[in-house]
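Q: Show me how the following folds:
(2 chains)
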2 protein chains.
Amino acid sequence: MRALFLLPATIALAGAAPAQKPVTPNDIVSAAPASAWRTISPDDLLVIDLQNGGRAVLQLAPTFSPVHVANIQALARSDYWAGSTIYRVQDNYVTQWGQNETEKPLPQGVVAQPPAEYTRPLKGLSIKPLGYADPYAPAAGFVDGWPVAYSPKAGWANLAHCYGSVGVGRGLSPDTGMGGELYTVIGHSPRHLDRNIAVVGRVIDGMDKLSALPRGTEALGFYKDKAQYVPIAGIRLASQLPAGERPAFEYLDTGSASFTQYLRVRANRKDDFYIRPAGGVDLCNVNVPVRRKTGGERG
Amino acid sequence: MRALFLLPATIALAGAAPAQKPVTPNDIVSAAPASAWRTISPDDLLVIDLQNGGRAVLQLAPTFSPVHVANIQALARSDYWAGSTIYRVQDNYVTQWGQNETEKPLPQGVVAQPPAEYTRPLKGLSIKPLGYADPYAPAAGFVDGWPVAYSPKAGWANLAHCYGSVGVGRGLSPDTGMGGELYTVIGHSPRHLDRNIAVVGRVIDGMDKLSALPRGTEALGFYKDKAQYVPIAGIRLASQLPAGERPAFEYLDTGSASFTQYLRVRANRKDDFYIRPAGGVDLCNVNVPVRRKTGGERG
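A: Numbering: from 1, shown residues only, chains lettered A, B, ... in the order given. This next block holds a predicted model:
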């Protein structure tokens, strides 16, 4: 007996009158006009190619951690990560990768000790408020497609640690990490890391290539044997790839009317399946829509 | 260069004077007296044995969904899940298993259409309040080791959908599912499912056997080919196993002084690594401590 849960309304109600069909988040995304979508710059797309053929694509966030992101872009352009590996996978926490085994010289232009870009000034950001309580900050909302926590009073804002968020591994303070070792969140959003680590972006495609890996059995999820390391063929910016091979993505403008509607429905699911709409949603459960752009990558 | 993030204070400060060492959540768990721990009944431990040798252990929650839990116990005792499989793994959502392919007759005592145990009366529950805002309910806290959302005014309480929570797959309402198909959360806690599905427990051991599986490529994460199904050897209660082979677990009493201290530190991490304590924590990020009980399973 196949008990689907979260049977999509489109399947459940095939044949029902459209007027009776409750609006789903997907309906809103599908109906959003072209003007509500923002193309991601190919300089802000970091493409991770695994030796096993798997690919994950990250979107970088220069608005929030410009020095770390510039480092990552310089590292990608110099092929710093050739021969690097995924060496840590901790359940309900993070997958981490980089040059774990070697002290590689830093390419020109890489800042060895970046400033602590854990927050940035609120000033200059245009915020779409979440509208619901956030246990980790005075307020929460969205800026240019990113989930953000902030303090209107103290004037800071930070990128939130959500599922798929990418942060910079570091040692103890004042070390902030230079960007060569990165991790992504593969469990419940560890928001207690907010304002303690530089968040530099998020995984927008191929997340399963990072989240479905065997968990490491050493403390903190490090792999015990090097044989378990997942080899990385290379990490490059989309802008380094030949034009015809570039992945291209766009995100739903969080300042758009479509996003406002999407947010409202995410907080009040009324599809067939739902009996009691929550009347609220947490910052990391909103999931700003990101999609592959038509006319991008071919073949 | 190995940039550990979240380097445990115990490693980082080896040799430092104990007085200077900030207290970590783990310190509190280690120091909790035996009286702060509660043994889980072997009738409430559901042991999933995969054909590949992997094992996951679930704790059932009869306080919150007694009819569904009684069904699951009856199904286990009749070996209902022999020959069942894991057939759905959706990234950042759920892993689901059961008798997907066959209409198996229900064993005696199983209620085919249980009531909608999506909430229960608040009355009779002793709650340790979380103390921070919850976007999904008027209040949140802990009952007998479980994360719970509740309404003091309306008088209901529900088990929260957190990472590792186990719920009952169902079709469209009024179907509530009879308990034969179960799922566990493998991503950011989907709290919008709260009060819409019967939550019957949580995974307390071997979570990686369910979370690190390849994601399904069909809609909703169903596996496309049956060859991808993960075969289940059997699902039994710990109480069905020979005494010497029973896994045994205990959880930290959420009414204990140790848990109060643990909760405070989880919301205000000050270990070396942390620069800015959050001053808050969300319900699903508290992670009630559960551990293998000494003197339990041998060999």
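
Q: can you give me the strands in the stretch 51-200 of chain A?
A: A:55-60, A:85-90, A:94-98, A:120-121, A:128-129, A:139-143, A:146-151, A:156-159, A:165-168, A:182-185, A:199-205 (DSSP state E, counting those that start in this stretch).

Q: Once you drop chain neighbours, what's closest to the residue in chain A positioned nearest to chain B?
A: Residue of chain A nearest chain B, by C-beta to the nearest C-beta: residue A:133 (3.5 Å). C-beta here means a position set from N, CA and C on the backbone, and glycine is covered the same way. When the adjacent residues along the chain are set aside, residue A:133 lies closest to residue B:133, with 3.5 Å between them (C-beta to C-beta, 6 or more residues apart in numbering or on different chains).

Q: how much space is there between that neighbour and residue B:197?
A: Distance of residue B:133 to residue B:197, given as C-beta to C-beta, to the nearest Å: 23 Å.

Q: again with residue A:182
A: On the measure of C-beta to C-beta, residue A:182 and residue B:197 end up 35 Å apart.

Q: got JSON lines for the strands of the stretch 51-200 of chain A, with mean neighbour count and distance to chain B too?
A: As requested, the strands of the stretch 51-200 of chain A are arranged in JSON lines below (neighbours: other C-beta atoms under 10 Å in any protein chain shown; distance: least, C-beta to the nearest C-beta, whole Å):
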{"stretch": "strand A:55-60", "mean neighbour count": "22", "distance to chain B": "12"}
{"stretch": "strand A:85-90", "mean neighbour count": "24", "distance to chain B": "8"}
{"stretch": "strand A:94-98", "mean neighbour count": "27", "distance to chain B": "8"}
{"stretch": "strand A:120-121", "mean neighbour count": "15", "distance to chain B": "14"}
{"stretch": "strand A:128-129", "mean neighbour count": "15", "distance to chain B": "13"}
{"stretch": "strand A:139-143", "mean neighbour count": "23", "distance to chain B": "9"}
{"stretch": "strand A:146-151", "mean neighbour count": "24", "distance to chain B": "10"}
{"stretch": "strand A:156-159", "mean neighbour count": "26", "distance to chain B": "9"}
{"stretch": "strand A:165-168", "mean neighbour count": "27", "distance to chain B": "8"}
{"stretch": "strand A:182-185", "mean neighbour count": "26", "distance to chain B": "7"}
{"stretch": "strand A:199-205", "mean neighbour count": "25", "distance to chain B": "10"}
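
Q: can I get those in CSV with mean pLDDT?
A: Formatted as CSV, the strands of the stretch 51-200 of chain A follow (pLDDT from 0 to 100):
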stretch, mean pLDDT
strand A:55-60, 98
strand A:85-90, 98
strand A:94-98, 98
strand A:120-121, 98
strand A:128-129, 98
strand A:139-143, 98
strand A:146-151, 98
strand A:156-159, 98
strand A:165-168, 98
strand A:182-185, 98
strand A:199-205, 98
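
Q: Residue A:219 is nearest to which of those strands?
A: strand A:85-90 (9.2 Å; C-beta to C-beta).

Q: quick one: low-confidence parts of the stretch 1-150 of chain A?
A: Scanning the stretch 1-150 of chain A for pLDDT under 70 picks out A:1-20.

Q: all helices for it, in order.
A: Applying DSSP state H, counting those that start in this stretch to the stretch 1-150 of chain A gives helices spanning A:9-12, A:25-31, A:66-77.

Q: Among those, show me which one is buried the most.
A: Neighbour counts (mean count of other C-beta atoms under 10 Å in any protein chain shown) averaged over each of the helices of the stretch 1-150 of chain A peak at helix A:66-77, with a mean of 22.

Q: Output the contacting helices and strands for that helix.
A: Judged by 3 or more C-beta pairs under 8 Å, 6 or more residues apart in numbering or on different chains; DSSP states H and E, the packing partners of helix A:66-77 are strand A:55-60, strand A:199-205, strand A:230-237.

Q: at 7 Å instead, please
A: strand A:199-205, strand A:230-237 (3 or more C-beta pairs under 7 Å, 6 or more residues apart in numbering or on different chains; DSSP states H and E).

Q: what are the C-alpha coordinates of stretch A:59-67, in CSV please?
A: Extracted in CSV, the C-alpha atoms of stretch A:59-67 (Å, rounded to 0.1, in the frame of the first residue of the first chain):
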residue,chain,number,x,y,z
GLN,A,59,25.9,30.6,-5.5
LEU,A,60,28.3,33.0,-3.9
ALA,A,61,27.2,36.0,-1.8
PRO,A,62,29.6,38.9,-2.3
THR,A,63,27.1,41.3,-0.7
PHE,A,64,27.7,39.7,2.7
SER,A,65,31.3,38.5,2.7
PRO,A,66,33.1,40.3,-0.1
VAL,A,67,36.7,39.5,1.0
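
Q: Can you tell me what sits against that stretch?
A: If you take C-beta atoms under 7 Å, 6 or more residues apart in numbering or on different chains as the criterion, stretch A:59-67 is touched by A:40, A:44-46, A:69, A:72, A:111, A:114-115, A:117, A:120, A:144, A:146, A:159, A:198-202, A:204.

Q: Contact partners for residue A:147?
A: Applying C-beta under 7 Å, 6+ apart, the residues near residue A:147 are A:160, A:162, A:283, A:284, A:286, A:288.

Q: What is the burial count for the residue nearest to it when sequence neighbours are not counted?
A: In space, residue A:147 comes closest to residue A:160 once its chain neighbours are excluded; the distance is 4.4 Å by C-beta to C-beta, 6+ apart. Applying other C-beta atoms under 10 Å in any protein chain shown, we find 27 residues neighbouring residue A:160.

Q: Tell me the predicted confidence for residue A:160.
A: You'll see residue A:160 listed with a pLDDT of 98.

Q: in terms of contact, does it touch residue A:190 like I think?
A: No. Using C-beta atoms under 7 Å, residue A:160 is not in contact with residue A:190; the gap is 10.1 Å.

Q: ok so, going back, distance to residue B:270 for the strands of the stretch 51-200 of chain A - can I get that in CSV?
A: Output for the strands of the stretch 51-200 of chain A, formatted as CSV (distance: least, C-beta to C-beta, whole Å):
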stretch, distance to residue B:270
strand A:55-60, 31
strand A:85-90, 21
strand A:94-98, 21
strand A:120-121, 23
strand A:128-129, 30
strand A:139-143, 23
strand A:146-151, 19
strand A:156-159, 18
strand A:165-168, 20
strand A:182-185, 22
strand A:199-205, 21
